[in-house]
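Student: I need the structure of the sequence given here:
(chains A, B and C)
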Amino acid sequence: MDTETTSLNEMVAELAGISLATAPNVACYIPVGHKSSPTADLFGGDALAADQLPLQEVLDALKPVLEADDIQKIGQNIKYDWKVLARHGIEVAPFDDTMLMSYALHGGLHNHGMDELSERYLGHVPIPIKELIGTGKSQVTFDRVPIERATPYAAEDADVTLRLWLTFRPRLHQVKVTTVYETLERPMVPVLAHMEMAGVKVDRDTLSRMSGAFAQKMAALEAEVQEMAGRPFNLGSPKQLGELLFDEMKLPGGVKGKTGAYGTDVNVLEDLATEHPLPGKVLDWRQVSKLKSTYTDALQNAINAETGRVHTSYSIAGANTGRLASTDPNLQNIPVRTEEGRRIREAFVAPEGKVLVSLDYSQIELRLLAHMADLPELKEAFREGQDIHAITASEMFGVPLDQMTSELRRRAKAINFGIIYGISGFGLARNLRIPKDQAQQFIDRYFVKFPGIKAYMDSVIQGAKQRGYVQTLFGRRIHTPEINAKGPGAAFARRAAINAPIQGTAADIIRRAMIRMDPAIEGLPAKMLLQVHDELLFEVERGAEEELIARARKVMVAAPDPAVKLNVPLVVEAGCGRTWAEAH
DNA sequence: CATCTCACG
DNA sequence: ACGTACGTGAGATGC
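Tutor: Below you'll find the model as predicted:
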């Protein structure tokens, strides 16, 4: 099955039609929302548009089929269709999703869009949507496509979906990723659909006030910078900035990239700030500019007119590691690291009588590293609830815990994160701003003090080279096609291969928690709204927050069970408040 | 549409 | 010798 609509955004999309396929090359299209097209004359008129079945009649007829326990429905990216139909009172079940089947089978190998899958696995190039709706300014919505042109396109989508299912279904078993698909992918569809449809309340007035303040601050900074520069220029143009700094002002250290433009990113400007006050002011301007354009302005536009809330969309098969990705808008990168940025979260609010509750896994990736690489000192430290970076520093630098300095701890923390990222001397050196050979000494020392690390990394890489993929603790496969390549591609692939099982296992764990969450909080006046990789955000009626925290924490802590027995504890921190800033 | 920059975990 | 920290999405510029 497939739906055709007027928008990629399911929250505003209107149904244009529904297609169904029952066997290969047997498919139909049921138009329900086509209007007369602007190009009707070119294609012989819209005689058919007047003959469409009434939308409600079609939905009433299909609902028993789409909800029948004994009729399997198949979609490609079915969360989309599920949400569109849910807005019309239909909860599609049971279902399979060929996009998610492909993700379980081929994660890391290629993307999982229908056109790509059709070409790869069926040897068939589907009709491009652009041939129907056009591109750019002249693009029209699907309901303006004449029915006689829409029909072959739409029916083909259902047909291709069915044929992909016939291809993938036996392979899931052969390749032994059925459990991954059935326990980590498919169940995410209704869970995420509910979260996305719930949305999160965002206070327009708060954002609007902030935008005004940011505009003033930007104008003041711009005036200061241009005064220092001695002439006006576009602060938002890295090209103009680079020419000003390095050609005109002759500041040292200008490095041109492969496109011939000077680099002017935060690292470059921070270094230059010791030479001249201008680069620091540019950094201040950039921070405010980013907050205004990407957050306070864009989020206002994302507020849904009907619900007054912001509805993100999560892609289940977007990230190679099993993480979700959030789009339209991205609510997984709302600022938090700086005081000024964190204030954006004051605009994410609970409605009257409710509060927001945030629960997040504490250091989940490091805990998983300790488990997976079998690091006794770190496992013990986590069991004892000790400061993991201080322990690392103590081991590495031979300094007793009671004499630990913040600098040594900071270095150990950077190394711990570096290990998770597939460390390199260069990367650590850049992060810590120390010479590369010193960074390499740190890494060597880490490997001596924690021999499990080296053994773990070697075994992951060896497995990737042999099998072409790495695995999470729950059996998710992430393919590493570049691992045996020659050149820099192999180094990338090696680091990605070391990171993927750790990041991916953390992703699996929070997925398991999310899938179990709805039944666990049933009866509570609470809704799960957002996921930010290691955090879940809920909205709950005031007074029920403690019960929610207790139940949600229990689910999150126990999420690996019974599939995996971790030999480190998982710890979940919780907070609540009127805004996301307070809850986090 | 590519590139640069920067927001998050 | 060479280029590198892992995983994302989005806005602004400029070709």
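Student: Close to DNA strand B: what parts of the stretch 251-400 of chain A are there?
Tutor: Of all the residues in the stretch 251-400 of chain A, those in contact range of DNA strand B (C-beta under 7 Å from any atom of the strand) are A:257-259, A:261, A:263-266, A:268-269, A:283, A:286-287, A:290-291, A:294, A:332-338, A:341. C-beta here means a position set from N, CA and C on the backbone, and glycine is covered the same way.
Student: Need the buried ones from the residues you listed selected in ChimeraX.
Tutor: A single ChimeraX command is used to select the members of those judged buried by 16 or more other C-beta atoms under 10 Å:
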select /A:264,268,269,283,286,287,291,294,332,334,335,341
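Student: downstream neighbour of the longest helix seen in chain A in the secondary structure list?
Tutor: In chain A, assigned by DSSP state H, the helix with the most residues is helix A:488-520. Elements were assigned by DSSP states H and E; along the chain past helix A:488-520, the next helix or strand is strand A:526-531.
Student: any idea how chain A splits into domains?
Tutor: What automatic domain parsing lists as the domains of chain A is A:2-197, A:202-310, A:339-364+A:508-583, A:366-496.
Student: Rounded mean pLDDT for whichever strand or helix holds A:Y29, please.
Tutor: Secondary structure assignment for A:Y29, by DSSP H and E: strand A:26-31. With pLDDT averaged residue by residue, strand A:26-31 scores 98.
Student: Just name whatever secondary elements it is in contact with.
Tutor: In terms of contacts (3 or more C-beta pairs under 8 Å, 6 or more residues apart in numbering; DSSP states H and E), strand A:26-31 is packed against strand A:15-23, helix A:147-175.
Student: Please tell me the pLDDT value assigned to A:D51.
Tutor: In this model, A:D51 is scored at 88, pLDDT.
Student: Kindly apply the preceding question to A:S37 instead.
Tutor: In this model, A:S37 carries a pLDDT of 59.
Student: try the one 3 residues further on
Tutor: On the pLDDT scale, A:A40 is placed at 57.
Student: Same check on A:G45?
Tutor: In this model, A:G45 is scored at 57, pLDDT.
Student: Okay, now the unreliable bits of the stretch 151-300 of chain A?
Tutor: Within the stretch 151-300 of chain A, no range satisfies pLDDT under 70.
Student: mind listing the strands for it?
Tutor: Assignment of strands within the stretch 151-300 of chain A using DSSP state E, counting those that start in this stretch yields the ranges A:200-202.
Student: residues in it within reach of DNA strand C, list them.
Tutor: Counting by C-beta under 7 Å from any atom of the strand, the stretch 151-300 of chain A sits next to DNA strand C at A:N234, A:G236, A:S237, A:K239, A:Q240, A:S289, A:S293, A:T294, A:D297, A:A298.
Student: The longest helix of chain A relative to strand A:526-531, how many degrees between them?
Tutor: Here the directions of helix A:488-520 and strand A:526-531 differ by 170 degrees (axes from the mean of the first three to the mean of the last three C-alpha atoms, to 10 degrees).
Student: The residues of the stretch 251-400 of chain A next to DNA strand B in helices, which ones?
Tutor: Counting by DSSP H, the members of those that fall within helices are A:V266, A:V268, A:L269, A:L283, A:R286, A:Q287, A:K290, A:G341.
Student: which residues does the fifth one contact?
Tutor: With contacts defined as C-beta atoms under 8 Å, 6 or more residues apart in numbering, the neighbours of A:R286 are A:L235, A:V266.
Student: switch to 10 Å and redo it
Tutor: Under the criterion of C-beta atoms under 10 Å, 6 or more residues apart in numbering, the contact list for A:R286 reads A:M218, A:L221, A:L235, A:G236, A:P238, A:L241, A:T264, A:D265, A:V266, A:L269.
Student: now the second one
Tutor: A:V268 makes contact with A:P238, A:G242, A:L245, A:F246, A:L251, A:G253, A:G254, A:V255, A:Y262, A:P279 under the criterion C-beta under 10 Å, 6+ apart.
Student: out of the contacts of A:R286, what pair is the most spread apart?
Tutor: Distances among the contacts of A:R286 were taken as C-beta to C-beta; the most separated pair is A:M218 and A:D265, at 19.2 Å.
Student: rewinding a little: looking at the ones in helices among the residues of the stretch 251-400 of chain A next to DNA strand B, which is nearest A:G422?
Tutor: Here the nearest of these to A:G422, counting by C-beta to C-beta, is A:V266; it sits at 22.9 Å.
Student: Contacts for stretch A:123-135, please.
Tutor: Judged by C-beta under 10 Å, 6+ apart, the contacts made with stretch A:123-135 from elsewhere in the structure are A:4, A:39, A:114-115, A:117-119, A:136, A:139-142, A:144-146, A:149-150, A:152-154, A:156-157, A:159-160, A:163.
Student: Show me which residues of that stretch are buried.
Tutor: If you call a residue buried by 16+ other C-beta under 10 Å, then stretch A:123-135 has these buried ones: A:P126, A:I129, A:L132, A:I133.
Student: Among those, which one sits closest to DNA strand C?
Tutor: The nearest member of the buried residues of stretch A:123-135 to DNA strand C, counting by C-beta to the nearest atom of the strand, is A:I129 at 18.7 Å.
Student: Give the phi and psi angles for that closest one, as a check.
Tutor: When read as degrees, to the nearest 10, the backbone of A:I129 gives phi -60, psi -30.
Student: Quick check, pLDDT for the spatially closest residue to A:P525 that is not a sequence neighbour.
Tutor: Once its chain neighbours are removed from consideration, A:P525 has its nearest residue in A:E541; the separation is 3.9 Å (C-beta to C-beta, 6 or more residues apart in numbering). Confidence per residue is given as pLDDT, and for A:E541 that number is 98.
Student: quick one: the most centrally placed residue in chain A and A:Y361, what's the gap?
Tutor: Relative to the mean C-alpha position of chain A, the nearest C-alpha, by C-alpha atoms, centre = their mean, is the one of A:A325, at 1.5 Å. For A:A325, the distance to A:Y361 under the criterion C-beta to C-beta, to the nearest Å works out to 19 Å.
Student: Report the separation between the residue lying closest to A:K436 once chain neighbours are set aside and A:Q440.
Tutor: Closest residue to A:K436 in three dimensions, ignoring its sequence neighbours and counting by C-beta to C-beta, 6+ apart: A:A429, at 4.3 Å. In this structure, A:A429 and A:Q440 are separated by 8 Å, where distance is defined by C-beta to C-beta.
Student: need the contact list for A:I510.
Tutor: Shown here is A:I510, whose contacts under the criterion C-beta under 10 Å, 6+ apart are A:322-324, A:360-361, A:364, A:531-536, A:556, A:559.
Student: try A:A581
Tutor: Here A:A581 is in contact with A:I334, A:V336, A:R342, A:R343, A:I344, A:R345, A:E346, A:A347, A:F348, A:V349, A:L356 (C-beta under 10 Å, 6+ apart).
Student: Let's see which of these end up in strands.
Tutor: Counting by DSSP state E, the members of these that fall within strands are A:F348, A:V349, A:L356.
Student: Rebuild the helices and strands packed on strand A:26-31 as TSV, extending it with mean neighbour count.
Tutor: Rendered in TSV, the data for the helices and strands packed on strand A:26-31 read as follows (neighbours: other C-beta atoms under 10 Å):
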stretch	mean neighbour count
strand A:15-23	20
helix A:147-175	19
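Student: What are the buried residues along stretch A:372-382?
Tutor: Residues A:M372, A:A373, A:D374, A:L375, A:E377, A:L378, A:K379, A:A381, A:F382 are the ones in stretch A:372-382 that count as buried (16+ other C-beta under 10 Å).
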